[in-house]
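> generate a structure from the sequence data that follows.
(chains A and B)
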Amino acid sequence: EVQLLESGGGLVQPGGSLRLSCAASRFTFSTYAMSWVRQAPGKGLEWVSAISGSGGTTYYADSVKGRFTISRDNSKNTLYLQMNSLRAEETAVYYCAKDLRWGGDITGTRDSWGQGTLVTVSS
Amino acid sequence: QSVLTQPPSVSAAPGQKVTISCSGSSSNIGNNYVSWYQQLPGTAPKLLIYDNNKRPSGIPDRFSGSKSGTSATLGITGLQTGDEADYYCGTWDTSLTAGVFGGGTKLTVL
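Predicted coordinates for the structure are as follows:
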């Protein structure tokens, strides 16, 4: 069974930075696109960013473009999200999720999700 | 405001059937596959339906999906109290080059 384990969440001040990690196991990491999806307390799911299996293609939600950077290290089976200039309204649980389709292309379907890591942006 | 529109809540009695709608546009639902996710309280989302109407292994056939034009529907029959959860539709938006979700629908089994 696929395993995704997020880490790196915590308390950060507005304007601060944080890097999230997602350790993947039990599947061939480099052959699947990956995504970050967040969920503010009591709110719905919000897609944040996605990266192709090779890392050569990335997409971002308009709300985070220019401030967040998604990346991956296929040799370490790890996905990252570098978050800069954080805002209070970005307080949320951040989930990493694996794309459904083998091959590495980004699609709109995520078949495995981590347990999430909480990011709190507050002074 | 979510790109995809879902009703905030639906309810039905145990054993009954319920449907949850998801409305979008030609740039998302109209030209891409729709997936549905179930989120039980305090847990991560779980894939329920993919490619509009396919069920992953382990998902009972009480759950079904359909798509017509720019709208999609999730159906759940034989409702159980354990089905109480938030349900989200999702797809890719070709114009935005972004993943999109509905705002979520809270299912209450009375």
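
> and for residue A:19, the neighbour number?
13 (other Cβ atoms under 10 Å in any protein chain shown). From N, CA and C alone the C-beta is placed, and that goes for glycine too.

> parallel or antiparallel, list what pairs with the longest strand belonging to chain B.
If you go by DSSP state E, chain B has its longest strand at strand B:85-93. Counting by DSSP bridges, the strands paired with strand B:85-93 are strand B:35-39 (antiparallel), strand B:98-101 (antiparallel), strand B:105-109 (antiparallel).

> indicate which one of those is closest to residue A:18.
Minimum separation from residue A:18 across these (Cβ to Cβ) falls at strand B:98-101, 21.4 Å.

> the residue positioned nearest the centre of chain A pairs with what?
Closest residue to the average C-alpha location of chain A: residue A:36 at 2.7 Å, with Cα atoms, centre = their mean. Beta-bridge partners recorded for residue A:36 (DSSP bridges): residue A:49, residue A:96.

> hang on, it packs against residue A:20?
Yes. Under the criterion of Cβ atoms under 8 Å, residue A:36 is in contact with residue A:20, at a separation of 7.4 Å.

> tell me which helix or strand residue 75 sits in.
You didn't pick a chain, so chain A it is. Under DSSP states H and E, no helix or strand contains residue A:75.

> try chain B instead
strand B:71-76.

> what mean pLDDT does that strand get?
For strand B:71-76, mean pLDDT is 98.

> please apply the same query to stretch A:20-32.
When pLDDT is averaged over stretch A:20-32, the result is 97.

> and it, end to end?
Counting by Cα to Cα, to the nearest Å, you get 19 Å between the two ends of stretch A:20-32.

> same deal with stretch B:51-66?
One end of stretch B:51-66 sits 9 Å from the other (Cα to Cα).

> what about the helices in chain B?
For chain B, helices defined by DSSP state H do not occur.

> now for residue A:39: which residues touch it?
A:45, A:46, A:92, A:93, A:95, A:116 (Cβ atoms under 8 Å, 6 or more residues apart in numbering or on different chains).

> nearest to chain B among the residues you listed?
Lowest distance from chain B to the contacts of residue A:39 (Cβ to the nearest Cβ) belongs to residue A:45, with 4.5 Å.

> tell me how far stretch B:8-21 lies from the chain's centre.
Distance of stretch B:8-21 from its chain centroid, counting by Cα atoms, centre = their mean, to the nearest Å, is 12 Å.

> name the residues of that stretch that are buried.
B:10, B:12, B:18, B:20, B:21 (16 or more other Cβ atoms under 10 Å in any protein chain shown).

> bridged to the second one, which residues?
For residue B:12, the beta-bridge assignment (DSSP bridges) gives partners residue B:109.

> pLDDT weak spots in chain B?
Along chain B, segments meeting pLDDT under 70 are nowhere present.

> in contact with the residue in it sticking out farthest from the centre: list those residues for me.
In chain B, residue B:95 marks the outermost C-alpha relative to the chain mean, sitting 21.7 Å out by Cα atoms, centre = their mean. Applying Cβ under 8 Å, 6+ apart to residue B:95 gives the contacts B:27, B:28.
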